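need a structure here:
(one chain, ligands or ions: 2)
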Amino acid sequence: MNCYPPCPEPERVLGLFAHADNSGITTLLDCGVTPGLQVWKDGHWVFVEPIANALVVNIGQIIEIMSNGIYKAPDHRAVVNRLKERMSIVTFCYPNPHVDIGPAKELTKLGSPPLYKTITNEEYFQSFQSEA
Ligand SMILES: O=C(O)CCC(=O)C(=O)O
Ligand SMILES: [Fe+2]
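Ligands and ions are numbered 1, 2, ... in the order given. From the prediction side, this is the model:
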């Protein structure tokens, strides 16, 4: 669960820095009507307006890799509101840790070159630790 308290100077603060999720798929439930989630689209940050009782389904980097780039993991961030608190509930879905992470064979055997190398689950998560 993420909680973004009100902030008197929202233009100077980010609730959550810009990133793409390292999951397969992420679902996000906005717990109210205050917008905060933004997605990078066509060179701009665009608000994802909360819709009552709806989940935002976000593609993560594992699906981007497994789909050989057909599905993109979008960059997104969360901004804070001057007056209102915002909460979101996020669920990250990952494949079985015994599964290697790479483009699906069904896609590359048809002649499309693999755009990503295949690595183990452990190597995948280690790559995020060494970035920090
Ligand atoms: O709370 C939000 O709107 C974004 C959360 C998010 O992107 C994350 O937890 O990865
Ligand atoms: Fe995220």
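
ok, and does the helix or strand encompassing residue 58 reach over to ligand 1?
In the assignment (DSSP states H and E), residue 58 maps to strand 55-59. No: Strand 55-59 does not reach ligand 1 (CB under 6 Å from any ligand atom); its nearest approach is 7.4 Å. Backbone N, C-alpha and C define where each C-beta goes, glycine included.

show me what contacts the closest residue to residue 3 other than its chain neighbours?
In this structure, residue 3 finds its nearest non-sequential neighbour in residue 87, 5.1 Å apart by CB to CB, 6 or more residues apart in numbering. Contact analysis of residue 87 by CB atoms under 8 Å, 6 or more residues apart in numbering lists 1, 2, 3, 4, 31, 32.

re the thing from before, give me the sheet partners of the strand holding residue 58 and which way each runs.
Strand 55-59 has its sheet partners listed here by DSSP bridges as strand 25-30 (antiparallel).
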